[in-house]
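Sequence first, predicted model second:
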Amino acid sequence: MRILLVEDDAEVGRFVKKGLQEAGHTVEHTTNGRDGLFMAAGESFDLLVLDRMLPGGVDGVRLVETLRGQGNHTPVLFLSAMSGVDERVKGLKAGGDDYLVKPFAFAELLARVEALGRRPAVDAPATRLKVADLELDLLSRTVTRAGKKIDIQPREFRLLEHLMRHVGQVVTRTMLLEKVWDYHFDPQTNVIDVHVSRLRQKLDKGQDRPLIHTVRNAGYMIRAEP
């Protein structure tokens, strides 16, 4: 299998990578959550092995939540010194498939890796995107928040879909012009700001927790956290 290992402890990282390679697997190793998310979202892996606590502004739980929000169903094995039942449950509810507490025997790690590798691949494309209580159904072309249907225009739907497929990531105006408006040049208009403002009015007005955020001098981001 091609495995992505995201582990900031250098000694643990070397130990796990060496053992998995000796077992015949190909292993890519990075030491922080931001790079791990970039690699996991942009490349094809058969399995992700993630530490729970990671530097880089993106911990293991947030990394998995972001991938699942994008429709990425690559199996995930969490490694963590956080052994409490609540912590294990949190990792699994975020989208993890298995959870191994440190310190661990490599034989058990390898057995869990191989068990996850035997699971049938999930090839069906995602038909529903979700961020917090906001849901977008790609088949019926409907949007709901907290169970209440929200009427949006086709262009607004495409804009929201693109933001939700990149949950937790900054989406630049250039990216939106290309992916939502099919422009490969800057038309020098405020069309994006107008559409984002309309989406905010429909999605966030009257809600305790806004989901669409402006990132100054960069673009926009949709995320569940304030």
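Received, thanks.

For the rest of this, base every contact and every neighbour count on C-alpha atoms.
OK.

The residue nearest to the spatial centre of the chain: what's its closest spatial neighbour, skipping adjacent residues?
Closest residue to the average C-alpha location of the chain: residue 66 at 1.7 Å, with CA atoms, centre = their mean. Spatial nearest neighbour of residue 66, chain neighbours left out: residue 167 (5.9 Å); criterion: CA to CA, 6 or more residues apart in numbering.

from memory the one you found sits against residue 130, does it?
No: judged on CA atoms under 8 Å, residue 167 makes no contact with residue 130 at a distance of 9.3 Å.

More neighbours: the two, which one.
residue 167 (25 against 20; other CA atoms under 10 Å).

I'd guess the more buried one is in a strand, am I close?
No: the assignment for residue 167, made by DSSP: H, G, I helix; E, B strand; the rest coil, is coil rather than a strand.

Enumerate every residue touching residue 25.
Counting by CA atoms under 8 Å, 6 or more residues apart in numbering, residue 25 touches 1, 2, 3.

element containing the residue of the chain most remote from its centre, please.
Centroid-distance maximum for the chain: residue 188 at 31.6 Å, with CA atoms, centre = their mean. In this structure, residue 188 is located outside every helix and strand according to DSSP states H and E.

anything in contact with each of residue 167 and residue 130?
Shared contacts of residue 167 and residue 130 (CA under 8 Å, 6+ apart): residue 69.

hmm, back to that, make a ChimeraX selection of the buried ones in the contacts of residue 25.
The ChimeraX selection below is limited to those of the contacts of residue 25 classed as buried (16 or more other CA atoms under 10 Å):
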select :1,3
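
follow-up on the earlier one: let's test this: what are the backbone torsions at the residue farthest from the centre of the chain?
Main-chain dihedrals, residue 188, degrees, to the nearest 10: phi 60, psi 40.

Model confidence for the residue nearest to residue 165 when sequence neighbours are not counted, exactly?
The shortest distance from residue 165 to any residue other than its chain neighbours is 4.5 Å, reached at residue 70 (CA to CA, 6+ apart). Note on residue 70: pLDDT of 84.

next one: residue 127
Per-residue pLDDT puts residue 127 at 79.

residues in contact with it?
Residues in contact with residue 127 (CA under 8 Å, 6+ apart) are 137, 138, 139.

Helices of the protein, residue ranges please.
10-22, 33-42, 60-69, 85-93, 106-117, 154-165, 173-179, 191-203 (DSSP state H).

What are the buried residues along the shortest one?
Within helix 173-179, the residues scored as buried using 16+ other CA under 10 Å are 173, 174, 175, 176, 177.

Kind regards, and thank you for your time.
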